[in-house]
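Peer 1: This is the structure alone, sequence omitted:
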């Protein structure tokens, strides 16, 4: 069983469209994250949730709206997609203690044309 | 805000050579983690260091946490082509639910 699964793996869409990426973890972790990895490989945190509550919002445009229906799921909805949104988006989860090892999903490569 | 910088950004070595990447913070870290991301893959956890001056080994990999807990290093002895990838340090100092990654070091190994 995949620990952290996100879908889809690839997403090609036109500017202005709205799209969603889904993420599920079966590890029983309390914390889930969304990261954006740009072409230079920088991994930038976007959001983190703990027990369905938003903890971190790293100055992400409000076109990005995360939703956590339960602590095993953290979805990402993006409105009015722009060219600069093209990147790989990773979902991850971790427990809080004692080792804060983060488990990552396979990533979603988003291409906006 | 806190920044974690890694050097070098990129290193190209021949198989069998050693490799080291350094992670430096402007503030004291409560712990440091290391991850490896293979080309086309996702980051995979390698290790967590917590104590000042801590040294941990995993086969050819040696991880060190500085005495002042402001820097860390990952050293690979006798690199192999399977070591190719980007190595990231990460910390969650300050907030348990915020894991911040360093800028990464991309390692290329050729025969």
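Peer 2: It's in. Remember, predicted model here, so these are calculated numbers, not experimental data. Numbers count the residues shown, from 1 in each chain, chains lettered A, B, ... in the order given.
Peer 1: Where does pLDDT dip in chain A?
Peer 2: Applying pLDDT under 70 to chain A picks out residues A:1, A:97-99.
Peer 1: State the phi and psi torsions of the most centrally placed residue in it.
Peer 2: Central residue of chain A (Cα atoms, centre = their mean): residue A:34, 3.1 Å from the mean position. Backbone torsions for residue A:34, taken as degrees, to the nearest 10, come to phi -120, psi 130.
Peer 1: can you pull the contacts of it?
Peer 2: A:23, A:45, A:46, A:47, A:48, A:66, A:74, A:76, A:89, A:90, A:91, A:92 (Cβ atoms under 8 Å, 6 or more residues apart in numbering or on different chains). Heads up, the C-betas are built off the backbone N, CA and C, glycines and all.
Peer 1: Distance check, the fourth one against residue A:75.
Peer 2: With distances defined as Cβ to Cβ, to the nearest Å, the gap from residue A:47 to residue A:75 amounts to 11 Å.
Peer 1: just the second one next, same as before
Peer 2: Computed with Cβ to Cβ, the distance linking residue A:45 and residue A:75 is 17 Å.
Peer 1: quick one: which of these two has more around it?
Peer 2: residue A:45 (20 against 17; other Cβ atoms under 10 Å in any protein chain shown).
Peer 1: helices or strands up against whichever strand or helix holds that one?
Peer 2: Assessed by DSSP states H and E, residue A:45 sits inside strand A:43-50. Counting by 3 or more Cβ pairs under 8 Å, 6 or more residues apart in numbering or on different chains; DSSP states H and E, the packing neighbours recorded for strand A:43-50 are strand A:31-37, strand A:53-57, strand A:64-67, strand B:100-101.
Peer 1: Please list the outside residues in contact with it.
Peer 2: The contact list for strand A:43-50, computed with Cβ under 8 Å, 6+ apart, reads A:30-38, A:54-58, A:60, A:64, A:66, A:68, A:71, A:74, A:76, A:90, A:96, B:43, B:88, B:96-101, B:104.
Peer 1: now that strand against strand A:53-57, angle please.
Peer 2: Here the directions of strand A:43-50 and strand A:53-57 differ by 160 degrees (axes from the mean of the first three to the mean of the last three Cα atoms, to 10 degrees).
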